[in-house]
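Engineer: Predicted model follows, preceded by the sequence.
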Amino acid sequence: MRKKLVAGNWKMHGNLNENDALLSALVPGISALDNKTGYAVCVPYPYLATVQAKLQNANIKWGAQNVSQHEKGAYTGEVSADMLNDFGCSYVIVGHSERRMLYGESNQAVAEKYLAAQKHGLVPILCVGETLEQRDSDTTEQVIDEQLKAILTLAGVDSMRNAVIAYEPVWAIGTGKTATPQQAQDIHRFIRQGIAKQNSELAADVTILYGGSVKASNAEELFAMPDIDGGLIGGASLVADDFIAICKAAHS
Ligand code: 13P
């Protein structure tokens, strides 16, 4: 049985005080929820140490939002998977559309990051998704197929054993425009079927999250769809009550 997961992506938000207040509310709020669902926050690098200290004994895991594909070396400004391990990270987001679009990360670079994360025992949260232009020109499935193919070619289908996929339609991120549950379900199924062509058992087990304007008010209907196994939450993960409500929706 695949596990549900609700992960917050804080993006470039927060500071020591705000993070402390947010986590002080999340820890008791989420400790009251069942552990059949996993919970996590993906935070900016500089806060990993304090987040680790704060979540040490909580049922919330933590991770980063990006990782270098390289082991070590002259890569100014980069952070390796091994470094993330020093701070007890469980997860790392790879291939978020903001990184693909603003920092030019190619499918190949994302696949290398995914592989680097797994090599060091981190679970990559692989983001895939189409832009509005791609959806309008009916190339959504082709775009997602290419994004997935890069991973399956480099890391192999067995890598899906230790990975989470997040379908995040770019047009739904931070726009308040959520994919309808059926729109999201259709792509989640497409993703699962794509993996099933290589290994149906792993496809049935891989956790596929939806991301893009998930709110307390729409989480339940999204998470009720058969192939949606939780969410990757941006804006609403910065508001304790909202994030807790979304976490609750994943196991209701
Ligand atoms: P929003 O929830 O703010 O739309 O962001 C989604 C996202 O990009 C999560 O990675």
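Structural biologist: Received it, and whenever you're ready, just let me know what you need.

Engineer: how about the strands in the stretch 51-200 of the chain?
Structural biologist: 61-64, 91-94, 123-128, 164-167 (DSSP state E, counting those that start in this stretch).

Engineer: What is the neighbour count of residue 96?
Structural biologist: The local packing of residue 96 (other C-beta atoms under 10 Å) involves 27 other residues. Just so you know, the C-beta spots here come from the backbone N, C-alpha and C atoms, and that holds for glycine as well.

Engineer: re earlier: the strands of the stretch 51-200 of the chain into JSON lines, with extra columns for mean neighbour count, mean pLDDT and distance to residue 190?
Structural biologist: Below are these laid out as JSON lines (neighbours: other C-beta atoms under 10 Å; pLDDT from 0 to 100; distance: least, C-beta to C-beta, whole Å):
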{"stretch": "strand 61-64", "mean neighbour count": "24", "mean pLDDT": "98", "distance to residue 190": "26"}
{"stretch": "strand 91-94", "mean neighbour count": "26", "mean pLDDT": "99", "distance to residue 190": "20"}
{"stretch": "strand 123-128", "mean neighbour count": "26", "mean pLDDT": "98", "distance to residue 190": "10"}
{"stretch": "strand 164-167", "mean neighbour count": "26", "mean pLDDT": "98", "distance to residue 190": "9"}
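
Engineer: Kindly present the ones you listed as CSV, with separate columns for distance to residue 34.
Structural biologist: Formatted as CSV, the strands of the stretch 51-200 of the chain follow (distance: least, C-beta to C-beta, whole Å):
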stretch, distance to residue 34
strand 61-64, 15
strand 91-94, 20
strand 123-128, 20
strand 164-167, 19
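
Engineer: So for residue 3, which of those strands sits nearest?
Structural biologist: For the strands of the stretch 51-200 of the chain, the distance to residue 3 is smallest for strand 164-167, at 9.3 Å, taking C-beta to C-beta.

Engineer: any residue of that closest one up close to the ligand?
Structural biologist: No: with C-beta under 6 Å from any ligand atom as the criterion, the ligand is not reached by strand 164-167; the gap is at least 6.7 Å.

Engineer: Show me what that strand is packed against.
Structural biologist: Counting contacts by 3 or more C-beta pairs under 8 Å, 6 or more residues apart in numbering; DSSP states H and E, strand 164-167 is packed against strand 4-9, strand 123-128, helix 181-196, strand 207-211.

Engineer: what would the ones you listed look like in JSON lines with distance to the ligand?
Structural biologist: Formatted as JSON lines, these follow (distance: least, C-beta to the nearest ligand atom, whole Å):
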{"stretch": "strand 4-9", "distance to the ligand": "4"}
{"stretch": "strand 123-128", "distance to the ligand": "7"}
{"stretch": "helix 181-196", "distance to the ligand": "13"}
{"stretch": "strand 207-211", "distance to the ligand": "4"}
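
Engineer: Closest residue of this protein to the ligand?
Structural biologist: In the chain, the residue that lies nearest the ligand is residue 234 (2.2 Å; C-beta to the nearest ligand atom).

Engineer: Was I right to think that residue contacts residue 12?
Structural biologist: No: if you go by C-beta atoms under 8 Å, residue 234 and residue 12 don't touch, sitting 11.1 Å apart.

Engineer: Alright, that wraps it up for me.
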